[in-house]
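Chemist: need a 3D model of the following:
(chains A and B)
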Amino acid sequence: MSGVLTAKGLNKRYGKQLAVDHINLAIQPGRIVGLIGPNGSGKTTTLKAALGLIPFEGELKVLGFDPRTQRDELMNEVCFIADVAVLPRWIRVREVIDFVEGVHPKFNRRKAKDYLAKTKLSPDMKVKEMSKGMIVQLHLAIVMSIDAKLLVLDEPTLGLDILYRKQFYQNLLEEYFDENKTIIVTTHQVEEIEHILSDLIFIREGKITLNTSMDEIGERFAEVMVSSDNYAAAKALNPIDERTVFGKTVFLFDGVPRSTLAQFGELKTPGIADLFVATMKGTYA
Amino acid sequence: MNTMKWLLKREYWEHKGGFFWAPVVVSGLLALLTIGSMLFATVAGNKGGFHLDGNNSAINLQQALNDISDPQKIEFAKGLAVGYPAVAMPLMFTLGFVVFFYCLGSLYDERKDRSILFWKSLPVSDRDTVISKALTALVVGPLIAIAFALALSLLVLFCLMVLAAFHGLNLFGLVLGDKNFYLVILQILSLIPIYVLWALPTAGYLLFVSSWAKTKPFLWAVGVPVVGGVILTWVNALAGSPFVLESYWNIIVARGLGSVFPGSWLGQVAETNANINPDNAVSMLLANTYGMLGTANLWIGVVIGLVFLAGAVKMRRYRDEG
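Modeler: Okay, here's the model as predicted:
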C-alpha cells in the first residue's frame, strides 16, 4: 500500500461550481496533516469524498479502498468528525458509549471513560441538554477511543474554549497518535495546530496551492526584516508577501536560498498563519 | 458481531415514546375505561337500575346474573375465553399509526439533524441500518404492542370474572378450562409473520420516501398518491371514465399506505365467513390470515416492499449530503 490517501484528478462539481478541481494528492502513513483553506475552498468536500459521503469524479483510494464502492470495509479502519454537533440530540452519554462499543470492534471503553472524566458530562445526560462545547467534548472522547488507522477531523474544536482546545491537541499528539496512524485535520485556528503537524496542505478554490512537510517549510520559506535602504534589492528577489512593521518591511520569500537572504538581516521561518495569509491573498476579493 | 442487536436497541432508545409509552398510555386508558365501566355497572346494578333485554324490568344485577341458565353461562364463558383479547384492539390501531410515522421519519430525521454524519462514521453498513429500521417497525414494535395487548386483555378479563364471581356467577373454571383461552395467545403471536409480509410494501415505501424526501416526507408519501387519485378522478369525469378508480384507491391508497395497520388484510378476505361462533372464531381468523399466503396480493406486495427497501439502502448510501 503506497499511501493512506491517494487522489488523482479528484473532481467534485456542485451545479456549475467546481468545489474540488482536479486535485492530486498523496498522504503517507504516520503523518499529521493540516488541511488549511478559507471558507468554501473545498477542504470539507475533499474530506467528504474521501469518507464516501458524497459522489465524485476521478480516482481516490483511502487505505487502499475506493470510498465509492468499498465504504463498509473502509469504515472499519477510518474514524471521522465530519461536522460540528452531529451527535443525535436524543441520545444519552451512556447510550452512545454502549452503542459504539457494541458496533465498533476497535473502541476502547476505558479510554472513553477517562476522557469523559475530565469533562462535566455525566452518563445520564442527553445531548440536547448539552452546550455546543460539551457535545464536541463527547464526540472527541468517542473518536479518541477508537483505534483507527486514519482519523479525519473537520474543525474538531469549534465551540471549545482555549483550555480544552490546547488539551485536546496535546492528547491527540501524545496519547492517540503513533507511527501507524494518520491524522488529517482542518481548522481555522492554524496557530494552535502548528506544533503538532508534520505536513501542511493549503487549498484554495478547489485547488491545492501548497503541499509540503513542516521540515521543508523551514528550508523553502524565509521571512526577513529589511531596512529601507535594502528595500529595492530585496524586492527584486520576488517576495510573495510584504508587510510593514515599525517602519521596516518584512518580506516573505519562497524558494530563495537562505544564503542570499542573509545579507538583508536576520532570517525567520514564517508561521503557518503568515504563510496562509500570504498565499491566500485576494481570496474574498 | 452483534451489530444488529445494538442497532435495534438504538432504534428502541430513540423511539421509546412510540413503541413503549404510546401502548402504556393507551392500555392505561382502556383499562380505566373498561374496568371503570364494569365497576359502574355493578354499583348501578346493585341499586336496581340495571336494564337487561331492553325491557325496563328494573331488576338488579344479582338477580339478572342468577337468572342466567347453565347453557347460557357456558356460551358466555366460551365467548370470553376466545374473545377476551378484543378489548385491546385499539392498541393494534395505535401500533399502525406508530409504525407509519416511525417509518416515515426514521431516515429523514437523521438527515435533518445531520446525525447521519455520526452514524455513518461507524462501521455499520447502510443495508444493516435500513434492515434494523424495518425490523423495528415490523417485528419489535408489534411484539411490544402484543405484550401490552395480552396484559391488558388478561387484566380486564380477570376483573370481569372477579366482579361476576362477587355476584354469584363463577366463570373461572369454565374460562380457564377452555383450551381456546391459551390457544388464542399463540394464535395472536402467529399473526406476526403475516403482518411482516403484509405491511412490508407500506413500510418499505415509507422508508424509501423517508430516505429520499428533501423536505416534508409526509406530504410526499401521502400527498402524491392522493393527488394522483384526484387527478384520475378528474380525468375520468372529463374523458368518460378510462380508469377504474376503485382499484386505484384500493391498491395504491388503501393497500399501499394502509397495510401497516394490523389486520388490514382481513378486508381482502372474501366474505364467506358469516357463521363465526366461539368454536370456530380463532381458527377462522387464522385460516383467513394464513390464507393470505396463497394470494398474489401478498407476495406482489412483498416484492414491492423489498424493492423499496433496497432503494432506501441505495439512497442512504449514495445520496449527496454535501
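
Chemist: so which residues of chain A form strands?
Modeler: A:5-14, A:17-27, A:32-36, A:57-62, A:78-81, A:150-154, A:182-186, A:199-204, A:207-213, A:221-226, A:241-245, A:248-254, A:267-268 (DSSP state E).

Chemist: in terms of pLDDT, where does residue A:151 sit?
Modeler: pLDDT recorded at residue A:151 is 96.

Chemist: identify the bridge partners of residue A:65.
Modeler: Beta-bridge partners for residue A:65, by DSSP bridges, are residue A:62.

Chemist: just give the nearest non-adjacent residue to residue 141, would you?
Modeler: You didn't say which chain, so I picked chain A. residue A:115 (3.7 Å; C-beta to C-beta, 6 or more residues apart in numbering or on different chains). To be clear about C-beta, it is placed using only N, CA and C from the backbone, and glycine gets the same treatment.

Chemist: try chain B instead
Modeler: residue B:19 is the one closest to residue B:141 (C-beta to C-beta, 6+ apart), at 5.0 Å.

Chemist: how about residue A:182?
Modeler: That would be residue A:4: by C-beta to C-beta, 6+ apart, it lies 4.4 Å from residue A:182.

Chemist: how far away is the one you found from residue B:72?
Modeler: 82 Å (C-beta to C-beta, to the nearest Å).

Chemist: who's more crowded, the two?
Modeler: residue A:4 (25 against 10; other C-beta atoms under 10 Å in any protein chain shown).

Chemist: ok, how many other residues are close to residue 140?
Modeler: I'll assume chain A. For residue A:140, the neighbour count with other C-beta under 10 Å is 21.

Chemist: please refer instead to chain B.
Modeler: As a burial measure, residue B:140 scores 17 neighbours (other C-beta under 10 Å).

Chemist: check contacts around it.
Modeler: B:8, B:11, B:12, B:19 (C-beta atoms under 8 Å, 6 or more residues apart in numbering or on different chains).

Chemist: now with 7 Å?
Modeler: By C-beta atoms under 7 Å, 6 or more residues apart in numbering or on different chains, residue B:140 lies in contact with B:8, B:12, B:19.

Chemist: and the second one, its phi and psi?
Modeler: Read it as residue B:12. The phi/psi pair for residue B:12 (degrees, to the nearest 10) reads phi -70, psi -40.

Chemist: so how far is residue A:219 from it?
Modeler: Separation of residue B:12 from residue A:219 (C-beta to C-beta): 58 Å.

Chemist: try the first one
Modeler: Per C-beta to C-beta, residue B:8 is found 57 Å from residue A:219.

Chemist: also residue A:101?
Modeler: 46 Å.

Chemist: circling back to that earlier point, Throw the contacts of residue B:140 into a markdown table and include neighbour count and pLDDT, thanks.
Modeler: A markdown table is the format used below for the contacts of residue B:140 (neighbours: other C-beta atoms under 10 Å in any protein chain shown; pLDDT from 0 to 100):
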| residue | neighbour count | pLDDT |
| --- | --- | --- |
| B:8 | 18 | 97 |
| B:12 | 15 | 97 |
| B:19 | 23 | 97 |
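
Chemist: per-residue pLDDT, the residue of the stretch 101-250 of chain B found nearest chain A?
Modeler: Residue nearest to chain A within the stretch 101-250 of chain B (C-beta to the nearest C-beta): residue B:115, separated by 3.9 Å. With respect to pLDDT, residue B:115 scores 94.

Chemist: count of neighbours near the residue nearest to it when sequence neighbours are not counted?
Modeler: Nearest residue to residue B:115, sequence neighbours excluded (C-beta to C-beta, 6+ apart): residue A:88, at 3.9 Å. Look at residue A:88: counted by other C-beta under 10 Å, it has 21 neighbours.

Chemist: sounds good, over and out.
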